[in-house]
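1. Prediction below, plus the sequence it came from.
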Amino acid sequence: MKCSIASDKFRRKFAEQIEEICGERISLCYQCGKCSAGCPVTYAMDYLPSQITRFAQLGLTDKAMKSSTIWICASCQTCSVRCPRGIDLAKIMDALRILAKRKGIVPKEQIAPLFDGIFLGSIEKYGRLNELSLITKLNMASGRPFKDVSLLPIMLKKGKIKLKPQKSNPGKEVRYLMRKVEKLESK
Amino acid sequence: MMKVAYYPGCSLHSTAREYDISFQLVCRKLGIELQEIPHWVCCGSSPAHVTSHLLSIALPCKNLILAEEMGLDTVVAPCAACFNRLKIAKQEVAEDSKLKKEVEEVLGKPSAGKIEVKHPLQVIIEDVGLKKVEEMARRKLQGLRVASYYGCLLVRPPSVINFDDPEDPQSMDNLVSALGGEALPWAFKTECCGASFSLSETDIVFELSGEILNEALEAGAECILVACPLCQSNLDLRQKGIEKRRGKKFNLPILYFTELLGLALGMSMRQLGLSRHIVNPSKLLERKLAVT
Amino acid sequence: MARIGVFVCHCGTNISATVDVKKVAEIAKGFPGVKFTTDYRYMCSEPGQDLIQKMVKEHNLTRIVVAACSPSLHEKTFRTCTQNAGLNPYFFEMANIREQCSWVHDDREEATLKAIDIVKLAAAKVGKNNPLQTTFIPVEKRVLIIGGGISGIQAAIDVAFNGFETVIVEREPSIGGRMAMFDKTFPTLDCAACILTPKMVEVNQSDLIKLYTYSEVEEVSGYVGNFKVKIRRKARLVDENKCNGCGTCWQRCPVRLPSEFDMNLGKRKAIYVPFPQAVPNVPVIDQEHCLYINKKKCGICKKVCPFEAIDYEQKDEVIEEKFGAIIVATGFTMFDHSIYGEYGYGKYKNVTTGLHFERMLNSSGPTGGKIVRPSDGKEAKKVVFIQCVGSRDEARGMPYCSRLCCMYTAKQALLLKEHNPEAEAYVFYIDIRAAGKNYEEFVERVQDEYGATYLRGRVSKIFQRNGRLMVRGCDTLSGTQIEIDADLVVLATALIARPDAIKLAQMLHIPYDQNRLFTEAHPKLAPVETVTTGVFLTGACQSPKDIPDTVATASAASVKACGLLSHEKLPIDPQIARVDVEICSGCLACQEVCPFGAIEKEEIVDRVTQQKRWVAKIAPSLCNGCGACNTACRPGAIDLDGFTEEQIFGQIESLTADKGDER
Ligand SMILES: Cc1cc2nc3c(=O)[nH]c(=O)nc-3n(C[C@H](O)[C@H](O)[C@H](O)COP(=O)(O)OP(=O)(O)OC[C@H]3O[C@@H](n4cnc5c(N)ncnc54)[C@H](O)[C@@H]3O)c2cc1C
Ligand code: SF4
Ligand code: SF4
Ligand code: SF4
Ligand code: SF4
């Protein structure tokens, strides 16, 4: 397929968008590849982390946002601490995920974003995380109903998860906070 | 008596009860009074910062404000992920006036600026001091071969965390040495365990945590010491699965540093909640430390 | 009354695109004293200069203003032109309407207004200029060369060839510098010793070259043509005149120590020459470790020396000599990779540097030319080279490219294969910078003929597993992460300034940059000069350079130095500070602030009281006319020729007078 890079204007705008979200400047990247060299999860990614920065630099936004890479990134910041140009690539990954979520182009097969949604739903409800409901909901949503089921008895036995959510429930305050964030961000 | 605000975070109230228990016990012994922040909320962890930058800062800030309202000047967060998010939120708000304004708008309150965020390791090493810990120890670790595993979030990014070395951290190792154990030098102290992928991308956890277990075993470890409930859970809860996949037995107990410290300070395994571990540490500890 | 001519330059379109030059010339007609104005495409061109000279005659002009570029570019040109027009060369002022106006503004109208103001300032000043006369100082016909690496050696040979005496001051016991450590050199692969040793011998044998090895420059005073230099000759404890280098002493000395020259891969004795071809071939005693010096034991070397050359009582000696010019050739040192935690904080024995590798390659080196793992001495078969360690790494405060690591790495990969065809060479690189003559071709050979595997990406981590090094890198070209288990890792560490570079720079009054590298007077047009006249730069002390570049700058610096010495006398700029001794109170506040050490105190007899008293005195050859003293002097005894208070106030008035009206 023929693939040409985006116009200057488009690229600049995209770079500004990323900088706006996470404060990082993708134009600084000189493609040394150190991030990709140290990333613990490249084996599961379709593109290297440095390639994602490159796509972003070239304005190939779809390629960047539809990659599995940004969802497989574990936010471990190995790339960020070692980047010779001082780029916090983990933050750029965040920014791309945020943009993809905003644009509604999250790939269906990715489980991490499902997890994120359910996790946030849980704290929206209870103010704190409810592990049991997280596990069950995630299993249902990702079509793996029996995943980790074998671990449940021992987790229950060892007191690692509880059947009831925690007593204190500051959910109301979190809900209020989330509404305000949404309102501000939609501006 | 030192008084600090305590932010346990979701894990210490669920999967990591024994971390909570052992940390509280150790604090009591060392003369640190923990006051749990009333009505604290989840820090948002990874799901927040990959979804909304503002949310990922506002949630920790809410907790910082709550802690500051308690009139205390330090908040301690044992979960490395919470610790990381609290630190980052504090720094970003301090450095970015626009963000600060937005956060204050969301929270309807001026953001907390003064309160210091610490990890328990910091409190023990910087505030209590290893010398005092050594003096108070009633049991020696008897050359117990320990691989200290720090993970990602306890030391990165160094410009924000400002504690210990990001590539070859030493604080837990120093603690182990002070208590008479053998702190093993190894290269995977800050490799990623898969962290938040425990439930979503479990295969990644199997792979990454498997590498860590393997490297620790190769380095001669009898157990791994951790300071984060996510690391503990990935290495402990998933260890059986990893063994099956790799066809290799590790049988490495994954201990919180507070548990080992508690044992050294004379507490029993039962008190410290060690029965909650999946990989049973009692044999090793009985044999090496003669504890019950 | 001065008759001023104003000449406005277009500088092609450099100025005229932004500044309405015609308007500037037009308005300037109305400035006080201005009798003629015009504009022209290129004032600096021959027709431009002819125009000035013609107009001086035609309009009887006595002062010239050229509104054009910066004084550093063309002040000299127009001063000479003014002189050729029959005027005192200091009856000229330059109005910089390019760098300070057209290049930095977009708005044509405002830029034009600013240009007019700049010209007005120059016209106001030039009317008050005094005629100044160039003065001359005599020249000491000797050159000091600091540093005896290949650059210092080459410079000495060139200066001597021109018939001038030179002295090389070298800190180490032998000259030779880094090059003496190498096996072969890129891109031709000639053996380093074969091309260096003859030069070292030539230096040693020349009647015109004096060698002070194991010595250091301690103090520099004076100025171009007349530098006074204190040199510390450290006690060798061996009499250079008696010793003939037989080696009996170091064969018998019982103390074995790691050899710095061999990068600690080999051993030396407490009495030693750093390497067999050392010049001079005279040992030194390492006083820190010698048994006799520390415990009054042993004394073997003295007993066995057939020439009674050992002298435990020898003391450091400080001598003072005079020089007309100084060439700085202190070279470089290597970046210390132990700040890289991801590469093991320097803890892994088998993670070495390019210099270690050079020593291993060298057949007269510590391993006899075998490439081994320092941890166990076993032959290294799989070698990973990593480029740009400490270079191009802003995050670690190392922004620049060291320029030759690409090449020496290629050379080392080739030599590895030559030493052991079975060995595997992997090179991690970001870019290959092979811009020298025949360099790209050389790299091609390394990749194609010798089969070195080049991988494009920076390495993220090195760690040890089962006694082997695991190198975690990536190849961005194929998009794959790569882990290599290596016997040996060779880091191409950056070339950096020596730790004492700043101290030396301050001693010599030469500037240095943010990387502590010495700064040339102009990056293009004066690459071996410094702003301190008479001090020149060569080699890697200025920026990373390979041997061809080093030798080229050495020859260039010597030409510059010899050029100076070929004059009986040297002219000095008369735009310098002047003390009015009648007013000077002798407080010497000026001495404190003068960055060039140009102010001394002088005793005079007061005209009124007939009492002796101290006043400040300015050494014309040292003063750079910076004016620091001028502002520091409270009674106002100091004025700066060419920038007198009258001139400056005249300028200020010219602007404020009518600006006041406007408001
Ligand atoms: C690993 C490696 C391999 C290389 N291989 C090649 C190659 O194959 N081909 C090539 O062209 N180039 C090569 N180079 C580059 C080469 O080393 C330099 O070009 C050359 O050494 C520069 O010479 P120099 O005289 O400027 O500096 P140096 O060689 O550093 O010499 C400076 C001298 O000054 C002395 N000195 C320093 N400070 C003082 C002081 N204050 N007072 C008195 N003396 C002082 C030092 O002791 C030293 O003897 C290589 C470099 C490295 C690091
Ligand atoms: S390490 Fe930094 S500069 Fe290098 S490719 Fe990755 S983001 Fe770009
Ligand atoms: S933060 Fe993401 S991209 Fe960076 S090293 Fe970790 S997993 Fe890879
Ligand atoms: S006196 Fe010193 S230098 Fe001489 S042989 Fe003995 S130890 Fe070596
Ligand atoms: S003008 Fe500058 S250089 Fe000259 S004497 Fe004054 S302070 Fe020194």
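-> Noted; the coordinates are in hand. Ligands and ions are numbered 1, 2, ... in the order given.
2. Could you give the residue of chain A that lies closest to ligand 5?
-> Of chain A, the residue with the smallest distance to ligand 5, taken as C-beta to the nearest ligand atom, is A:Gly86 at 39.6 Å. Bear in mind the C-beta positions are built from the backbone N, C-alpha and C, glycine included.
3. Kindly report the same for the stretch 101-250 of chain B.
-> At 41.8 Å from ligand 5, B:Ser159 is the closest residue in the stretch 101-250 of chain B, using C-beta to the nearest ligand atom.
4. do the stretch 301-450 of chain C as well
-> Here the stretch 301-450 of chain C gets closest to ligand 5 at one residue, C:Ile326, 18.6 Å apart by C-beta to the nearest ligand atom.
5. My read is that that residue contacts C:Gly225, right?
-> No. If you go by C-beta atoms under 8 Å, C:Ile326 and C:Gly225 don't touch, sitting 11.1 Å apart.
6. Give the residues shared as contacts by these two.
-> Residues touching both C:Ile326 and C:Gly225 (C-beta atoms under 8 Å, 6 or more residues apart in numbering or on different chains): C:Gly534.
7. Contacts for stretch B:238-246 next, please.
-> With C-beta under 8 Å, 6+ apart as the contact definition, stretch B:238-246 has outside contacts at B:198, B:202, B:205-206, B:209-210, B:213-214, B:249-250, B:252, B:254, B:278-279.
8. what about C:Leu208, neighbour count?
-> Look at C:Leu208: counted by other C-beta atoms under 10 Å in any protein chain shown, it has 18 neighbours.
9. Give me the below-cutoff pLDDT ranges for chain A.
-> Scanning chain A for pLDDT under 70 picks out A:1-3, A:165-168.
10. Report the residue ranges of every domain in it.
-> A:9-103, A:112-186 (automatic domain parsing).
11. coming back round to it: shouldn't the residue of chain A closest to ligand 5 be within a helix?
-> No. If the criterion is DSSP: H, G, I helix; E, B strand; the rest coil, then A:Gly86 is coil and not within a helix.
12. Leaving out sequence neighbours, find the closest residue to it.
-> Spatial nearest neighbour of A:Gly86, excluding adjacent residues (C-beta to C-beta, 6 or more residues apart in numbering or on different chains): C:Ala395 at 4.3 Å.
13. isn't that neighbour right next to A:Ser80, touching?
-> No. Counting by C-beta under 8 Å, C:Ala395 does not reach A:Ser80; the two are 10.0 Å apart.
14. between those two, which one's more packed in?
-> Taking neighbours as other C-beta under 10 Å, C:Ala395 and A:Ser80 compare with A:Ser80 leading, 25 against 15.
15. Who are the contact partners of the more buried one?
-> A:Ser80 makes contact with A:35, A:87-91, B:156-157, according to C-beta under 8 Å, 6+ apart.
16. got a winner among those for most neighbours?
-> When neighbours are counted by other C-beta under 10 Å, A:Cys35 leads the contacts of A:Ser80 with 31 neighbours.
17. Kindly confirm my reading that B:Ser46 is in a strand.
-> No. Per three-state DSSP, B:Ser46 lies outside any strand segment and is helix.
18. That one against A:Leu120, yeah?
-> No. Taking C-beta under 8 Å as the definition, B:Ser46 is not a contact partner of A:Leu120, at 10.5 Å.
19. ok, residue 70 - how many residues close by?
-> I went with chain A, as the question did not name one. For A:Ile70, using other C-beta under 10 Å, the count is 28.
20. look at chain C instead
-> 14.
21. ditto for B:Glu95
-> For B:Glu95, the neighbour count with other C-beta under 10 Å is 11.
22. And the one 3 residues further on, by the same measure?
-> When neighbours are defined as other C-beta under 10 Å, B:Lys98 has 7 of them.
23. name the element it belongs to?
-> helix B:97-107 (DSSP states H and E).
24. returning to what we had before: show me which of the contacts of A:Ser80 neighbour ligand 2.
-> The residues of the contacts of A:Ser80 that also fall near ligand 2, by C-beta under 6 Å from any ligand atom, are A:35, A:87, A:89.
25. residue contacts, the last one?
-> Read that as A:Leu89. A:Leu89 is in contact with A:24, A:35, A:49, A:53, A:79-80, A:83, counting by C-beta under 8 Å, 6+ apart.
26. of the residues you listed, closest to C:Ala540?
-> The nearest member of the contacts of A:Leu89 to C:Ala540, counting by C-beta to C-beta, is A:Cys83 at 28.4 Å.
27. The closest one and chain B, how far apart?
-> According to C-beta to the nearest C-beta, to the nearest Å, A:Cys83 and chain B sit 11 Å apart.
28. That residue contacts C:Ala395, doesn't it?
-> Yes. At 6.3 Å, A:Cys83 counts as touching C:Ala395 under the criterion of C-beta under 8 Å.
29. What does the pLDDT read for C:Cys298?
-> What the model reports as pLDDT for C:Cys298 is 95.
30. Nearest residue to the residue of the stretch 301-450 of chain C at minimum distance from ligand 3 in space, please, no chain neighbours.
-> Closest residue of the stretch 301-450 of chain C to ligand 3, C-beta to the nearest ligand atom: C:Glu342 (12.2 Å). Distance criterion C-beta to C-beta, 6+ apart; nearest residue to C:Glu342, sequence neighbours excluded, is C:Lys461 at 4.7 Å.
31. pretty sure that neighbour is touching A:Gly38, no?
-> Yes. Using C-beta under 8 Å, C:Lys461 is in contact with A:Gly38, at 5.5 Å.
32. Which residues are in contact with each of the two?
-> In terms of C-beta under 8 Å, 6+ apart, C:Lys461 and A:Gly38 are both contacted by the residues A:82, C:342, C:472.
33. Report the beta-bridge partners for C:Ile569.
-> Not Ile; residue C:569 is Lys. Taking DSSP bridges as the rule, C:Lys569 bridges to C:Pro138.
34. Can you give me the neighbour number for residue 85?
-> Looking at chain A here, since you left the chain open. 18.
35. meant chain C actually
-> For C:Ala85, the neighbour count with other C-beta under 10 Å is 21.
36. Which residue, other than its chain neighbours, is closest to the residue of chain A found nearest ligand 4?
-> In chain A, the residue that lies nearest ligand 4 is A:Pro84 (45.9 Å; C-beta to the nearest ligand atom). Of all residues not flanking A:Pro84 in the chain, C:Asp393 sits nearest, at 4.1 Å (C-beta to C-beta, 6+ apart).
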